[in-house]
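In: Build me a model:
(2 chains)
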Amino acid sequence: MLEWLTDPFSAEFVRTGALAAAIVGVLCGVVGCYVVMRGMALVADSLAHGVLPGVAIAFALTAGTSGAEPDEWAIWAGALIAGLLTAGATSLIIQRSRVREETAAGVVFVFMLALGVAIASRVEGYSVDLTAFLFGDVLGVTDGEVALSAALTAAVLALVALFYRPFLMTSFDPQRAAALGMPVDRLHLVMLVIVTLAVVIGFRVVGALLVLGLLIAPPATAALVTRRLPSMMAVSAGIAALAAPVGLLLSWHLDIAAGASIVLAAVSAFVVALFARATPR
Amino acid sequence: MSFEVPAGASVALLGPNGAGKTTLFRSAVGLVRPDFGSIELGAGAVAFVPQRLDIEPSFPATVRDVVRMGRYGALGWLRPFGDRDRELVDRAIESLGIRALADRRFGDLSGGERQRALLAQATAQDARLLLLDEPFTGLDAPTHGALRATLGAWRSQGRTVIVATHDLQSASRDYDLVICLNRRLVAVGPPAETCTEEVLAETFAGRVVRVGELLIDTAHHHHGAG
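Out: Here you go, the predicted structure:
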């Protein structure tokens, strides 16, 4: 029994992957609380797919012609730049036109996705890397990437602490927040940037398709069992971090994709909480 | 339009739907920028209680959290709550009679209970000027009573209160000053000068018949009170 638990983690690349996934879990667990409480699921999804053109360009520049391995730092940088452009464009459309947030996000989403596919179609050998983009490569994460993830996660969590009151107030009632002198539009952009950072850090591990799973499932679970934002964030981060080793364990023994396995573990927690709650509220 | 409201006055902002009451409030707190002109609010914080609040039942905040938000304007983003802030929050919760609800999730409350929590939030803000948009619309009886008591308390504390309403009777009876609005300033002054047949007909233009009925009522009340 003990070996069943420890065997997978005897390999260093599994330990590195578990650490990376746990870091991503903490980050997505905390940031995802805002995604859930503000109803930003589609926006988060849009930001996740918005990184594709950046990844494709980075791939084309560093590996496209030579057929060599793409440069991982170029991929990070490309994803970050494309994600920030997606966030900025979404925010600009909302401020310019006052359309619903999900409409603005949807327009930018399809544009970035189509642009990414268009670029990728011109690059030979991209299909392999596209799989890594969509489903992540948690067991291929390097020590350098873990260090970068940890640093960025610390920075984002510091932002979350700094913006705690304005984010709570604008999520509760933007009108009251504005009446208190809070810059609601700019705060919204900061929120999008924070979600973008979580997505960029997360997509290397679980992929652009499944990073949304870590942004939604742990906070949704925490919302079932908590009443206040600080406890919701703590519970959510705990669930998401725990999903990393549990998911890798299942992945190892059942021989299933690691990123998917982590998200399945996170969603399982939601199902358990849904049925285990003593009294419906 | 141009008018002044003396500090400490209790003011009814009277007008039909679409008269511009909400827009005036929203400009006053900076939610919309006036096309021209300016609004000077004097010293001290402004509390704005919007008409209604649609919020997810699962929003992660207790009633106490919501009342504490009233202090965010004074404290800024990071300054921790001090003794005075905690006292203002406790007193606000006490004065609205929601102490038993303080640890409940805000989203789990009934409409009236939520309204009381939001009034407690405005009370905790300790503002010199309070703007309430149609606060009496759709209230249950206990909340109606709590709101009247709160307005009375704010008044006796010397706070300036402006209440948007289309309730003629209340406007003529409960306030020092009435501002009649119908996409422009129709009249401003004490109820005796503004709650007259001509002014109200102009304020509620297009709804003269109903205004007529209400006017009889208002006149009757004045007669009885005077």
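
In: Give me the phi and psi for the most centrally placed residue in chain B.
Out: For chain B, the residue nearest the mean C-alpha position is B:Leu132 (1.8 Å; C-alpha atoms, centre = their mean). B:Leu132 adopts backbone torsions of phi -120, psi 120, taken as degrees, to the nearest 10.

In: what sits against it?
Out: Contacts for B:Leu132 (C-beta atoms under 8 Å, 6 or more residues apart in numbering or on different chains) come out as B:Val49, B:Ala122, B:Val161, B:Ile162, B:Val163, B:Ala164. Backbone N, C-alpha and C define where each C-beta goes, glycine included.

In: ditto for A:Ala243
Out: By C-beta under 8 Å, 6+ apart, the contact list for A:Ala243 reads A:Ala21, A:Gly25, A:Leu214, A:Pro218, A:Ile262, A:Val263, A:Ala265, A:Ala266, A:Ala269.

In: can you list the weak-confidence ranges in chain B?
Out: Applying pLDDT under 70 to chain B flags residues B:1, B:41-44, B:206-226.

In: cutoff 80 now
Out: The model of chain B has pLDDT under 80 over residues B:1-4, B:18, B:29-45, B:51-54, B:196-198, B:204-226.

In: Break down it into its helices, ranges please.
Out: B:21-28, B:63-68, B:72-75, B:83-95, B:111-124, B:141-156, B:168-174, B:191-194, B:197-203, B:208-225 (DSSP state H).

In: does any part of the strand or helix carrying A:Ile201 sit near chain B?
Out: Taking DSSP states H and E as the definition, A:Ile201 sits inside helix A:184-225. Yes. Remark: helix A:184-225 sits within contact range of chain B at A:Ala223, by C-beta under 8 Å from any C-beta of the partner chain.

In: Tell me the first helix or strand C-terminal of that helix.
Out: Past helix A:184-225, the next helix or strand by DSSP H and E is helix A:229-254.

In: Just want the angle from that following helix to helix A:184-225.
Out: Angle of helix A:229-254 versus helix A:184-225, following axes from the mean of the first three to the mean of the last three C-alpha atoms, to 10 degrees, is 60 degrees.

In: Contacts for stretch A:78-93, please.
Out: Residues from elsewhere that reach stretch A:78-93 (C-beta under 8 Å, 6+ apart): A:43, A:46-47, A:50-59, A:99, A:101, A:104-105, A:107-109, A:112, A:116, A:185, A:188-189, A:192-193, A:195-197, A:199-200, A:203.

In: Thought A:Ala41 was touching A:Leu212, still the case?
Out: Yes. Taking C-beta atoms under 8 Å as the definition, A:Leu212 is a contact partner of A:Ala41 at 7.1 Å.

In: Counting neighbours, go ahead and name the busier of these two.
Out: Set side by side, A:Leu212 and A:Ala41 show more neighbours around A:Leu212, with 26 against 17, by other C-beta atoms under 10 Å in any protein chain shown.

In: how close does the more buried one get to chain B?
Out: 19 Å (C-beta to the nearest C-beta, to the nearest Å).

In: quick one: contacts for the nearest residue to that residue once chain neighbours are set aside?
Out: Residue nearest to A:Leu212 in three dimensions, not counting chain neighbours: A:Asp45, with 5.2 Å by C-beta to C-beta, 6 or more residues apart in numbering or on different chains. Residues in contact with A:Asp45 (C-beta under 8 Å, 6+ apart) are A:Ala105, A:Phe109, A:Leu212.

In: Report the angle between the helix or strand where A:Asp45 lies and helix A:184-225.
Out: Take DSSP H and E as the rule and A:Asp45 turns out to sit in helix A:41-50. For helix A:41-50 against helix A:184-225, the angle between stretch directions is 110 degrees (the same axes, to 10 degrees).

In: chain center to helix A:41-50: distance?
Out: Helix A:41-50 has its C-alpha centroid displaced from the chain centroid by 9 Å (C-alpha atoms, centre = their mean, to the nearest Å).

In: go on, stretch A:260-277?
Out: On C-alpha atoms, centre = their mean, the centre of stretch A:260-277 falls 17 Å from the chain's centre.

In: So which bits of that stretch are buried?
Out: Across stretch A:260-277, burial judged by 16 or more other C-beta atoms under 10 Å in any protein chain shown covers A:Ala260, A:Ser261, A:Ile262, A:Val263, A:Leu264, A:Ala265, A:Ala266, A:Val267, A:Ser268, A:Ala269, A:Phe270, A:Ala273.

In: Next step: the residues you listed restricted to strands.
Out: Among the buried residues of stretch A:260-277, no member falls in strands (criterion: DSSP state E).

In: In helices only, show me those.
Out: Per DSSP H, the buried residues of stretch A:260-277 map to helices at A:Ala260, A:Ser261, A:Ile262, A:Val263, A:Leu264, A:Ala265, A:Ala266, A:Val267, A:Ser268, A:Ala269, A:Phe270, A:Ala273.

In: I figured the fifth one hits A:Gly247, correct?
Out: Yes. Using C-beta under 8 Å, A:Leu264 is in contact with A:Gly247, at 6.7 Å.

In: number of nearby residues for the residue nearest to B:Thr160 when sequence neighbours are not counted?
Out: Distances taken as C-beta to C-beta, 6+ apart place B:Leu129 nearest to B:Thr160, at 4.7 Å, with adjacent residues excluded. The number of residues packed around B:Leu129, counting by other C-beta under 10 Å, is 20.

In: Distance check, B:Leu129 against A:Leu210.
Out: Going from B:Leu129 to A:Leu210 by C-beta to C-beta, to the nearest Å gives 50 Å.

In: Kindly report the residues of the stretch 101-250 of chain A close to chain B.
Out: Taking C-beta under 8 Å from any C-beta, the part of the stretch 101-250 of chain A that reaches chain B is made up of A:162-166, A:168-169, A:171-173, A:175-176, A:178-181, A:223, A:226-229, A:231-232.

In: Same question for stretch A:85-101: list its buried residues.
Out: Neighbour-count burial for stretch A:85-101, counted by 16+ other C-beta under 10 Å, picks out A:Leu85, A:Thr86, A:Ala87, A:Ala89, A:Thr90, A:Ser91, A:Ile93, A:Ile94, A:Glu101.

In: likewise stretch B:129-149?
Out: Buried residues in stretch B:129-149, defined by neighbour count with 16+ other C-beta under 10 Å: B:Leu129, B:Leu130, B:Leu131, B:Leu132, B:Asp133, B:Glu134, B:Pro135, B:Phe136, B:Leu139, B:Thr143, B:Ala146, B:Leu147.

In: if you skip the residues just before and after it, what's nearest to A:Ala63?
Out: Closest residue in space to A:Ala63, ignoring its immediate chain neighbours: A:Pro70 at 3.9 Å, by C-beta to C-beta, 6+ apart.

In: did I read that right, the one you found in a helix?
Out: No. Counting by DSSP: H, G, I helix; E, B strand; the rest coil, A:Pro70 is not part of a helix but coil.

In: Which positions in chain B make contact with chain A?
Out: By C-beta under 8 Å from any C-beta, the residues of chain B that approach chain A are B:26, B:29-31, B:46-48, B:50, B:53, B:55-56, B:58-62, B:65-66, B:69, B:72-73, B:75-78, B:103-105, B:108, B:121.

In: Just the pLDDT for the residue nearest to the spatial centre of chain A.
Out: The residue lying closest to the centre of chain A (C-alpha atoms, centre = their mean) is A:Val199, at 3.2 Å. Confidence at A:Val199, expressed as pLDDT, is 93.

In: A:Leu47 is in contact with that one, correct?
Out: Yes. In this structure, A:Val199 is within contact of A:Leu47 by C-beta under 8 Å, at 5.0 Å.

In: Going by distance to B:Val89, which of the contacts of A:Ala243 wins?
Out: Comparing the contacts of A:Ala243 against B:Val89 with C-beta to C-beta places A:Pro218 closest, at 30.7 Å.

In: I'd like to know how many residues surround the closest one.
Out: If you count neighbours by other C-beta under 10 Å, A:Pro218 ends up with 33.

In: Low-confidence stretches in the stretch 51-200 of chain A?
Out: In the stretch 51-200 of chain A, residues with pLDDT under 80: A:63-70, A:98, A:123-135.
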